[in-house]
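Asks: make a model of this:
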Amino acid sequence: MIWDCGRHRFHFPRPVLLMGIVNVTPDSFSDGGRYFSTDAAVRHGQELVAEGADLLDIGGESTRPGAAPVAEAEEMRRVLPVIERLAREVAVPLSIDTQKAAVARAALATGATIVNDVAANRDDNELWPVVAATGAGYVCMHMLGTPQTMQREPRYGDVVAEVRAFFRDRLDRLAAAGVRPEQVVLDPGIGFGKTLEHNLELLANLASFKNLMRPMLLGASRKSFLGALLGVEIEARLPGSLACAAWAAQAGVELIRTHDVAATRQTVWVIEALNARRKSG
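Replies: Presented below is the predicted three-dimensional model:
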């Protein structure tokens, strides 16, 4: 299986890829404001690469529950200088975390090669021709509603079956828009329009998405469902985040999006070392 990301290409199976998070925002749920300046965001990106990040995901609009939308021009002001500098200073692929076609287009022209789209549930396809024309990698994420509405009593009949059906539908629609399957990674959207029970169901059944024949990305790092499950605040959620990373690696997930690259890298290495030595029968 191949993932094409513009000038970058990944072949699977291979060791799990870690996507380090660079939030250029004042209000992200975990580290909002800490890396809001261009210099701080670039330094953070460099540090994540030094810790073992295989990719960097740069976002200028918080998608935490209830977050206010950011104007297109402001989002560009936040992320484009960061992408421009990191494209010169690190060798790993850069992802733009955005819902807006214009921001994606500008970011790809500036040096990003991947679009991480939390709003792949939209009815319009304005963003997809940008991905098709540039050959960028595309992360197709499931979300129920919008960041402003997604946690207002989310309901499913069968969350695993409904997310799987969503992915099948989006793969068809993306292909119709000119996006090749080889460009697409699937993200079940942990925490995006899901209750604690929904998130646990998706995590417990990650392997059920493998028959879609596309790489999967998991983003569970520091999320609120861990707080609900464990009764801990954000700063104490690293153990739970690492447990999710280990579980995902064991289930065959190809990419893990994380705030804590060094700790996640160690966790994944141990899982991979054990799997390599496990004897059948």
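
Asks: where along the stretch 101-250 of the chain do the helices fall?
Replies: 101-110, 128-134, 159-176, 196-204, 224-230, 238-251 (DSSP state H, counting those that start in this stretch).

Asks: and these as a markdown table, adding mean neighbour count?
Replies: For every residue, glycine as well, the C-beta is placed using N, CA and C. Shown next, in a markdown table, are these (neighbours: other Cβ atoms under 10 Å):
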| stretch | mean neighbour count |
| --- | --- |
| helix 101-110 | 21 |
| helix 128-134 | 20 |
| helix 159-176 | 16 |
| helix 196-204 | 17 |
| helix 224-230 | 17 |
| helix 238-251 | 19 |
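
Asks: among those, which comes closest to G20?
Replies: helix 238-251 (12.9 Å; Cβ to Cβ).

Asks: outside of the closest one, which residues touch it?
Replies: Outside helix 238-251, the residues that touch it by Cβ atoms under 8 Å, 6 or more residues apart in numbering are 16, 190, 203, 206-207, 218, 220-223, 226, 229-230, 232, 256, 258-260, 263-264, 267-268, 270-272, 275.

Asks: and G137, what does it touch?
Replies: Contacts of G137 (Cβ under 8 Å, 6+ apart): 3-6, 8, 93, 95, 113-115, 183-185.

Asks: if we go to 10 Å?
Replies: 3-6, 8-10, 55, 93, 95, 112-116, 131, 182-185, 215 (Cβ atoms under 10 Å, 6 or more residues apart in numbering).

Asks: what's the closest non-adjacent residue to it?
Replies: Distances taken as Cβ to Cβ, 6 or more residues apart in numbering put C5 closest to G137, at 3.2 Å, once the chain neighbours are dropped.

Asks: against A119, how distant is P69?
Replies: 11 Å (Cβ to Cβ, to the nearest Å).

Asks: export the helices of the stretch 101-250 of the chain to TSV and tack on mean pLDDT and distance to N211?
Replies: Below are the helices of the stretch 101-250 of the chain laid out as TSV (pLDDT from 0 to 100; distance: least, Cβ to Cβ, whole Å):
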stretch	mean pLDDT	distance to N211
helix 101-110	97	29
helix 128-134	96	23
helix 159-176	96	9
helix 196-204	96	16
helix 224-230	94	25
helix 238-251	97	13
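
Asks: buried ones in stretch 63-78?
Replies: T63, R64, P65, A67, V70, E75, M76, R78 (16 or more other Cβ atoms under 10 Å).

Asks: from these, pick the one nearest H44.
Replies: Among these, and counting by Cβ to Cβ, the member closest to H44 is R78, at 13.6 Å.

Asks: and the closest one, what element?
Replies: helix 72-89 (DSSP states H and E).
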